[in-house]
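Engineer: Let me see the structure of the following:
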Amino acid sequence: MSLPTQVSIVDVGPRDGLQNEKQLVSVDDKARLVHLLHEAGLKEIEVTSFVSPKWVPQMGDNAAVMAAIERRADVRYSVLTPNMKGFEAALATAPQEIVVFAAASEAFSQKNINCSIAESIERFAPVVQAAHAAGMRVRAALSCCLGCPYQGEVTPDEVERVVKLLKDVGVDHMSIADTIGVGTPRRTQAVMERALRHFPLHEVSGHFHDTYGQSLANIYASLELGIHRFDASVSGLGGCPYAKGATGNVATEDVVFMLDGLGIETGIELDKLVDAGVFISGVLGRSPVSRVARALLAKRG
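Structural biologist: Residues are numbered from 1 along each chain as shown. Okay, the predicted model is just below:
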């Protein structure tokens, strides 16, 4: 089976990677991170979220961060907005893409956002309509597609049910997320195949967490299906809040290294990406989580 020749990576480090950090990162440092990702060649960056600062204090500076970044015409900037209030605040900052989120697990939806799956989709249906009216794309992030910290196993049937609901409210793109990192390659393919029943190949992507060290294997399994868009987080920013001490988002550096080795084009310069990871890790007072970054830094001496 031939693999894609090109892959797009959405770096979610500035938003998903930083949102659970207890140490507040300054607006200038967040903007600097985005600029360094530009320099490395990233064309899609998830910058911030427009949620209540009461729930996510790290994202309380969302509008200031969007104002501080020096935008490039060839880069797509996305923001997460869970409801109309968040969307209206985001609209003034002119993102190119809106991210809405739901869960494949009923238990996770209730625990995480205090409502049912159906209620969550009802909340953001008007967001999808408003975003399209404003000329913006809408990406849906579907969490817990391969397992849930509360209910345990999540079946492909459960995933497909919510994928269809999201399709019905008009989202443009479906991101399949392994929120707790328990997925394995064959299970990943089974879930991706269900998403591909409802969305075209170029509108399905993967978002993998490395809690059990399976992210790269799951990305490869997705590549075998032709999927060619993935989320990743520079320096592996973002722990997994459901598994104490575990890593979260797969590191962008690790994904790029694997794709380079497969001869797949990403447009990303690995050395500059490592520099971006070193910068934000330094701000947070720790070493990069990425194994590739650590190896390359050791070679640099």
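Engineer: What's the end-to-end length of stretch 146-159?
Structural biologist: One end of stretch 146-159 to the other measures 9 Å (Cα to Cα, to the nearest Å).
Engineer: For that stretch, which residues meet the burial criterion?
Structural biologist: Neighbour counts using 16 or more other Cβ atoms under 10 Å place Leu146, Gly147, Cys148, Pro149, Gln151, Val154, Pro156, Glu158, Val159 of stretch 146-159 among the buried residues. No exception for glycine: its C-beta is placed from N, CA and C like everyone else's.
Engineer: Show the pLDDT at Gly239.
Structural biologist: Per-residue confidence at Gly239 stands at 74 (pLDDT).
Engineer: Count the neighbours of it for me.
Structural biologist: When neighbours are counted by other Cβ atoms under 10 Å, Gly239 registers 19.
Engineer: gap between it and Leu196?
Structural biologist: Counting by Cβ to Cβ, to the nearest Å, the gap from Gly239 to Leu196 is 30 Å.
Engineer: Convert stretch 178-196 to CSV, retaining C-alpha atoms only.
Structural biologist: Extracted as CSV, the C-alpha positions of stretch 178-196 are listed here (Å, rounded to 0.1, in the frame of the first residue of the first chain):
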residue,chain,number,x,y,z
ASP,A,178,-7.1,9.5,21.1
THR,A,179,-7.4,11.6,24.2
ILE,A,180,-5.9,9.2,26.6
GLY,A,181,-3.4,7.6,24.3
VAL,A,182,-4.7,4.0,24.6
GLY,A,183,-5.2,3.4,20.8
THR,A,184,-3.2,0.8,18.9
PRO,A,185,-2.8,0.6,15.1
ARG,A,186,-5.6,-1.8,14.1
ARG,A,187,-8.1,-0.1,16.4
THR,A,188,-7.0,3.3,15.0
GLN,A,189,-7.7,2.1,11.5
ALA,A,190,-11.1,0.7,12.4
VAL,A,191,-12.2,4.1,13.8
MET,A,192,-10.7,6.1,11.0
GLU,A,193,-12.5,3.9,8.5
ARG,A,194,-15.8,4.9,10.2
ALA,A,195,-15.0,8.6,9.9
LEU,A,196,-14.1,8.1,6.2
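Engineer: mind checking how far it is from the chain centre?
Structural biologist: Distance of stretch 178-196 from its chain centroid, counting by Cα atoms, centre = their mean, to the nearest Å, is 15 Å.
Engineer: Ok, stretch 228-243 next?
Structural biologist: Averaged over its C-alpha atoms, stretch 228-243 has a centre that lies 7 Å from its chain's centre (Cα atoms, centre = their mean).
Engineer: Restricted to helices, list the buried residues of stretch 146-159.
Structural biologist: Judged by DSSP state H, the subset of those located in helices is Pro156, Glu158, Val159.
Engineer: with those in mind, which one is nearest to Ser109?
Structural biologist: The shortest distance between Ser109 and any of these, using Cβ to Cβ, involves Glu158 and amounts to 11.3 Å.
Engineer: measure the closest one to Pro14 for me?
Structural biologist: Noted for Glu158: a distance of 31 Å to Pro14, by Cβ to Cβ.
Engineer: Look up how far Ala94 lies from Met66.
Structural biologist: Applying Cβ to Cβ, one obtains 8 Å for the distance of Met66 from Ala94.
Engineer: who has more neighbours, the two?
Structural biologist: When Met66 is set against Ala94 and neighbours are counted by other Cβ under 10 Å, the residue ahead is Met66, at 23 against 13.
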